[in-house]
Every structure is written in C-alpha cells, then in structure tokens.
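K.L.:
All I have is the shape, not the residue letters:
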C-alpha cells in the first residue's frame, strides 16, 4: 500500500510539472498567433499602399497627358 501511495505522489508531481510546461507552450502559441496576425496586417497594408501608389501614378500620368 505504501508503494502505491508513493507512486501516486510521484504521478502528482509529474502532472504539476507537465501543467507548467503546458502553460509555457500556450504562451508560445499565443505569441505565434499574434505574430501571424501582425504579419497578415502588414501584408494587407503593403498591398493597400502599393495600390494607392499605382492609382496616384496613373492619375498623375493621365492628368499630364490631358493637359498637354
């Protein structure tokens, strides 16, 4: 019976240690998801900026040829 109690105590300590590792992993996953979201936003913003720059160039070229 004492062996069984020792075994259960050892398992409880292992569970507590694993719980700490799970919490660390959860934090890493959350940081990774935040980085992915930031990357998607930056990509979207770059696309928007290049689209606006393209429209500006087209408008400027059209305006220059219109007033010649």
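P.N.:
That came through, no problem. Quantities reported herein were computed from a predicted structural model and do not represent experimental measurements.

K.L.:
Tell me where this protein has strands.
P.N.:
Taking DSSP state E, the chain contains no strands at all.

K.L.:
which residues of it fall in helices?
P.N.:
Counting by DSSP state H, one finds helices in the chain at the ranges 2-66.

K.L.:
pLDDT below threshold where in it?
P.N.:
66-68 (pLDDT under 70).

K.L.:
count of residues packed around residue 41?
P.N.:
10 (other Cβ atoms under 10 Å). Heads up, the C-betas are built off the backbone N, CA and C, glycines and all.

K.L.:
how much space is there between it and residue 48?
P.N.:
Residue 41 sits 10 Å away from residue 48, taking Cβ to Cβ, to the nearest Å as the criterion.

K.L.:
Likewise for residue 35?
P.N.:
Separation of residue 35 from residue 48 (Cβ to Cβ) stands at 20 Å.

K.L.:
And for residue 58?
P.N.:
16 Å.

K.L.:
how distant is stretch 11-20 from the center of its chain?
P.N.:
Between the centre of stretch 11-20 and the centre of its host chain there is 29 Å, according to Cα atoms, centre = their mean, to the nearest Å.

K.L.:
do stretch 54-68 as well
P.N.:
With Cα atoms, centre = their mean, you get 40 Å for stretch 54-68.

K.L.:
What of stretch 49-68?
P.N.:
Stretch 49-68 sits 36 Å away from the centroid of its parent chain (Cα atoms, centre = their mean).

K.L.:
next one: stretch 25-41
P.N.:
With Cα atoms, centre = their mean, you get 2 Å for stretch 25-41.

K.L.:
Please identify the buried residues of that stretch?
P.N.:
Applying a neighbour-count criterion of 16 or more other Cβ atoms under 10 Å, one finds nothing buried in stretch 25-41.

K.L.:
Over to stretch 43-51?
P.N.:
Buried residues in stretch 43-51 (16+ other Cβ under 10 Å): none.

K.L.:
List of residues touching that stretch?
P.N.:
Contact with stretch 43-51 is made by no outside residue, as judged by Cβ atoms under 8 Å, 6 or more residues apart in numbering.
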